[in-house]
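[1] Sequence plus predicted model, see below.
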Amino acid sequence: MNTQRKFGSRKGATFIEYALLAGLVAIVVAAAAMFFGDDLKQLFGATGEQTETVKKGVEKVDLHSTLDKANDKGGGGGQKNP
């Protein structure tokens, strides 16, 4: 006997299974956000502050003069002009 004819089309059942799975994932993500929310907020806040500190430090550095000084000393990976 043909099982496809016995049970009918699986398209509807497959959609419902995926919808239930997506709903379960959404519930788990929401619960994790509630549980870890404050810790994640602090982590990302601290990371953002450190990123701003590094950005300000990099903006203060004059890379051209630093590379020129390194090349004058024979370092820096650049070639000296003859």
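    That came in fine, so what should we check first?

[2] Kindly provide the distance from Ala33 to Val25.
    In this view, Ala33 and Val25 are 12 Å apart by C-beta to C-beta, to the nearest Å. C-betas here are computed from N, CA, C, even on glycine.

[3] Oops, could you answer that again for Asn71 instead?
    Per C-beta to C-beta, Asn71 is found 55 Å from Val25.

[4] which regions of this protein sit below the pLDDT cut-off?
    Scanning the chain with the threshold set as pLDDT under 70 gives 1-12, 74-82.

[5] let's see 80
    Residues of the chain meeting the criterion pLDDT under 80: 1-13, 61-70, 72-82.

[6] ok, back up a step: neighbour count winner among Asn71 and Val25?
    Ranked by neighbour count (other C-beta atoms under 10 Å), Asn71 and Val25 place Asn71 first, with 15 against 10.

[7] quick one, phi/psi of that one?
    Backbone geometry at Asn71, expressed as degrees, to the nearest 10, gives phi -70, psi -40.

[8] likewise Val61?
    According to degrees, to the nearest 10, Val61 has phi -80, psi 130.

[9] how much space between it and Leu67?
    Separation of Val61 from Leu67 (C-beta to C-beta): 11 Å.

[10] try Glu49
    Glu49 is 29 Å from Leu67, by C-beta to C-beta.
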